[in-house]
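Asks: Sharing a sequence plus its predicted fold:
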Amino acid sequence: MGKLVALTLLGAGLALIGERLMTLRERINAYREVEPVEPQNCHLIEGLENGSEDIDILPSGLAFISSGLKYPGVPNFAPDEPGQIFLMDLNEQNPRVQALNISDGFDKASFNPHGISTFIDKDQIVYLYVVNHPHMESTVEIFKFEEQQRSLVHLKTIKHELLKSVNDIVVLGAEQFYATRDHYFTNFLVLLEMVMDLRWTYILFYSPREVKVVAKGFSSANGITISPDKKYIYVADILDKNIHVMKKHDNWDLTQLKVIQLGTLVDNLTVDPDTGDILAGCHPNAIKLLMYNTEDPPGSEVLRIRNALSEKPRISTEYANNGSMLQGSSVASVYQGKLLIGTVFHKALYCVL
Ligand SMILES: [Ca+2]
Ligand SMILES: [Ca+2]
């Protein structure tokens, strides 16, 4: 009798896991193929071969690009090379990328840059905040940008027990930022977390005086950015295929105003400075990203969300490709009619719209 109960329980357990795995395959769009949408004037950017996971463009048109991310479960074409930050001046006729020098005293060999965010202080000094995963941990690095020297001076490494599995950040002031946590477990249990959809990921507010979770319950919080008027925060939940529009309060807490469903796995977010539209770098089919096959590579998809705060946001496809040109798009950012699309581990695309 005991054996029968054990077998029944085992069968029920396996059935549950099987059902959850099927659900997970649907959640990550395992059956989706993307329809191409390709602007006329696009070309791959020379010199960016190993990812361009996040892009942040200054109001002056200088774009920072993080490259060389090593992330568990995702391909990397240069596993022995450290990550880098590239710069591209979008005011140039034919912009080229240039790797930024990083000051001595910072461990460049273990540099593993992920999400980035810029901050300009009242003296017009530009700071670049970088999510870093040295030895697969999570830190936030603060750099001062020296425009003339084309270099980054490392100022500070921020670590905190709540700054775990950080994906992206948005800087709000000097040493103040929101950060997203994209998974809860850092070991094999991350699979259980995904299969069971535990929703234990969150948004953290960090400042030297106070660190707190300001929103939680995300399946996997990923890209984060702020509206041009600084009143709203946009957060991508990659496994829930949506964007959360959150209101920012004076005490830094966030409350959810609405969720915009997109049907694609949303990675990093940026805002078009001219229109306030949200640009979302998306993964049309994440199984192709996780089970990389050169014969059937992951595609790319960039969505534009107009009037995100209105009753009916308008969603359009800015770019879509089946992976023949660009694989695993994670971010898109615009500056005066120019579009940059970055990827987790592949190349990057420059388009004149
Ligand atoms: Ca970012
Ligand atoms: Ca991301």
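Replies: Perfect, thanks for sending it. Ligands and ions are numbered 1, 2, ... in the order given.
Asks: Residues of this protein that sit close to ligand 2?
Replies: The chain comes close to ligand 2 at residues 167, 222, 267-268, as judged by C-beta under 5 Å from the ion. All C-beta spots, glycine's among them, are computed from the backbone N, C-alpha and C.
Asks: how close does the closest residue to ligand 2 within the stretch 1-150 of the chain get to K288?
Replies: Here the stretch 1-150 of the chain gets closest to ligand 2 at one residue, G115, 5.5 Å apart by C-beta to the ion. G115 is 22 Å from K288, where distance means C-beta to C-beta, to the nearest Å.
Asks: same deal with V302?
Replies: In terms of C-beta to C-beta, V302 sits 17 Å off from K288.
Asks: The two - which one has more neighbours?
Replies: Taking other C-beta atoms under 10 Å, V302 and K288 do not tie; V302 has more neighbours (26 against 23).
Asks: which residues does that one form a beta bridge with?
Replies: Beta-bridge pairing for V302 (DSSP bridges): G281, Y319.
Asks: What pLDDT is listed against the residue of the stretch 201-350 of the chain found nearest ligand 1?
Replies: Here the stretch 201-350 of the chain gets closest to ligand 1 at one residue, N268, 5.3 Å apart by C-beta to the ion. The model reports N268 with a pLDDT of 98.
Asks: what's the burial count for it?
Replies: So N268, with other C-beta under 10 Å, has 31 neighbours.
Asks: thinking it is in contact with V235, fair?
Replies: No. N268 lies out of contact with V235 (C-beta atoms under 8 Å); the separation is 10.8 Å.
Asks: which neighbours do those two share?
Replies: When contacts are counted by C-beta atoms under 8 Å, 6 or more residues apart in numbering, N268 and V235 have 222-223 as shared neighbours.
Asks: any idea which helix or strand carries the residue of the stretch 1-150 of the chain closest to ligand 2?
Replies: For G115, the host element (DSSP states H and E) is strand 113-120.
Asks: mind listing what's buried in that strand?
Replies: Across strand 113-120, burial judged by 16 or more other C-beta atoms under 10 Å covers 113-119.
Asks: I'd like to know which of those is nearest to L189.
Replies: Within the buried residues of strand 113-120, the smallest distance to L189 is 21.1 Å, found for H114 (C-beta to C-beta).
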